[in-house]
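>>> Provided below for reference: sequence and predicted model.
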Amino acid sequence: MKLLDSSIFLVESEHKFPQLFNGSPPIVVAFDDRPVCIFPFSDEHQRKASSSIRFCPGARREFVDSPDERVVSFIFFKMTKKLSYPGLKCVLEYLEANRRIYITARSPALRRIEKLIPIHLEYLMISNNIALNCISIQEVYSDTNIDNQIEFRKGEKSFLRQYPMHLTYEKAAERMHEYYLGGRMNIYADHFWFSYIEEGNFSQFNVTTNELTIHNFLLNDILEYINPDSFPLKELSIDCIDDFNHPHIRSAKKLCVEISDDQRNEYSTRINAIQNQNTELEYDTLEWTDVMGIIRYWMENGKETGTTLVCKGYGDPNDEIMTKLRNEFREILSELIGINDQFPNVAPGFSIPLNSSSKIVVYGWRISENIPYAEIVLKVVSSQTDDNIMVMENQ
């Protein structure tokens, strides 16, 4: 699809964009250092458009064949020189991040202001590569600098671009992080993933996020890059080496902890003592003794009503783990009656008295008979609570 002449459509009132196009996301390209927007345009918009769009002499609407063989109508218009900075800021701020960076890279005027404008992402990953939403950017390492390239990948598709021969692999990585992140103090990412990167490879930046995943770092190591307004986090995923008593870890609405096989014994006491009410423990290999140890710890030290803990991992199937737990606590448990009939994906469970006012409900989710993956749920509820209701709430 080729861009029409730059003066085909002019928009007189920039603040009418959302009402006119019902919030449809624009496609934007750069033209003469100013953005040109392309909006989906249908016949039902014609009446509204007539009062807001001035057609220049010789103007026409462009029809383009879409991949699904339907004829799609687009309307093209150019941001005039009178477009104010607030208007331009609004267009760039809510433009998809990869498209925005692609456009501004071709406009010296936009490059001067682009990093000052907030950028919105569904997903941001920073490691040895960078991922912005669905596109990842990484160096392709080679023993010879001649073959060193940057790979841009989206799903199965990829594109390679060679970087200057005089740059080392490390220097290229540093420049890549600087280009995409350096100086951005208003990054809004729904999910921010930070892992496996050498310190000092990027400049200062700041992220406001709902969900944070950290690997190979402690939370304190990266707090300088997290906007305090992000806390309490909706979800936080960390390694088990971190401090579970850290205020930002304890305040997370959902805490996910990854536990390797060589860490389970060393950190078992700290793991059992996690205070968050909603926790997931992701084991490399889940053994029934891991779950048994948590139950024993809660029975000895107590646990707050309303706590939910999920143990996940490859290893023995749910039914086998539940059988071993049932044998371990057979003298004090009470079976969950009718659960297996009402919820076929739930492994037969039971409850264990915790104290005079609460109990632990234990059951498992069946993922697949062909996959040796277990998911065991522990819930602390009031002694008067119907166990069947507690399982139903997790469906």
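Yep, that arrived.

>>> what helix or strand is residue 262 located in?
Assigning secondary structure by DSSP states H and E places residue 262 outside every helix and strand.

>>> what is the burial count for it?
8 (other C-beta atoms under 10 Å). (Glycine included, C-beta is placed from N, CA and C.)

>>> any idea how far the nearest residue to residue 220 once chain neighbours are set aside lies from residue 279?
Leaving aside its sequence neighbours, residue 220 sits nearest to residue 246 (C-beta to C-beta, 6 or more residues apart in numbering; 7.2 Å). Computed with C-beta to C-beta, to the nearest Å, the distance linking residue 246 and residue 279 is 14 Å.

>>> equivalent analysis for residue 245, please.
Taking C-beta to C-beta, one finds residue 245 at 14 Å from residue 279.

>>> neighbour count: the two, which is higher?
Neighbours were counted for residue 245 and for residue 279 using other C-beta under 10 Å; residue 279 has more, 21 against 11.

>>> OK, contacts around the more buried one?
Residues near residue 279 by C-beta atoms under 8 Å, 6 or more residues apart in numbering: 254-257, 307-310.

>>> which parts of the helix or strand hosting it are buried?
Secondary structure assigned from DSSP H and E places residue 279 in strand 278-286. By neighbour count on 16 or more other C-beta atoms under 10 Å, the buried set for strand 278-286 is 279-283, 286.

>>> tell me the first helix or strand C-terminal of that strand.
That would be, after strand 278-286 and using DSSP H and E, helix 288-301.

>>> same for that following helix, what does it pack against?
Using 3 or more C-beta pairs under 8 Å, 6 or more residues apart in numbering; DSSP states H and E as the contact test, the elements touching helix 288-301 are helix 268-272, strand 308-315, helix 318-328, strand 358-365, strand 373-382.

>>> if you set the cut-off to 7 Å instead, what comes out?
On a contact count with 3 or more C-beta pairs under 7 Å, 6 or more residues apart in numbering; DSSP states H and E, helix 288-301 meets helix 268-272, strand 308-315, helix 318-328, strand 373-382.

>>> surely residue 249 and residue 236 touch.
Yes. Counting by C-beta atoms under 7 Å, residue 236 is a contact partner of residue 249 at 6.4 Å.

>>> shared neighbours, the two?
Residues touching both residue 249 and residue 236 (C-beta atoms under 7 Å, 6 or more residues apart in numbering): residue 255.

>>> more neighbours, those two?
Using other C-beta under 10 Å, the more surrounded residue of residue 249 and residue 236 is residue 236, with 27 against 21.

>>> quick one: strands adjacent to the helix or strand where that one lies?
Using DSSP H and E, the element containing residue 236 is strand 235-239. Strand 235-239 has its sheet partners listed here by DSSP bridges as strand 207-215 (parallel), strand 255-259 (parallel).

>>> show the average pLDDT along the last one.
For strand 255-259, mean pLDDT rounds to 97.

>>> pull the most distant pair out of the buried residues of strand 278-286.
279 and 286 (14.4 Å; C-beta to C-beta).

>>> any stretches of this structure with poor pLDDT?
For the chain, the stretches with pLDDT under 70 are 1-83, 141-147, 197-202, 338-344, 368-369, 387-395.

>>> could the helices and strands packed on helix 288-301 go into CSV alongside distance to residue 361?
Shown next, in CSV, are these (distance: least, C-beta to C-beta, whole Å):
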stretch, distance to residue 361
helix 268-272, 18
strand 308-315, 10
helix 318-328, 12
strand 373-382, 5
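
>>> which among the strands paired with strand 235-239 is found nearest to residue 134?
In terms of C-beta to C-beta, the element of the strands paired with strand 235-239 nearest to residue 134 is strand 207-215, at 16.8 Å.

>>> now residue 104: phi and psi?
Dihedral pair for residue 104: phi -70, psi -20, per degrees, to the nearest 10.

>>> quick check: it touching residue 111?
Yes. Applying C-beta under 7 Å, one finds residue 104 in contact with residue 111, separated by 5.4 Å.

>>> in terms of residue numbering, what are the domains of this protein?
Domain ranges of the chain: 9-83, 271-395, per automatic domain parsing.

>>> list the contacts of the residue lying closest to residue 227 once chain neighbours are set aside.
Of all residues beyond its chain neighbours, the one nearest residue 227 is residue 208 (4.1 Å), with distances taken as C-beta to C-beta, 6+ apart. By C-beta under 7 Å, 6+ apart, the contact list for residue 208 reads 187-188, 227, 229-230.

>>> quick check: bridge partners of residue 208?
With DSSP bridges as the criterion, residue 208 is bridged to residue 188.
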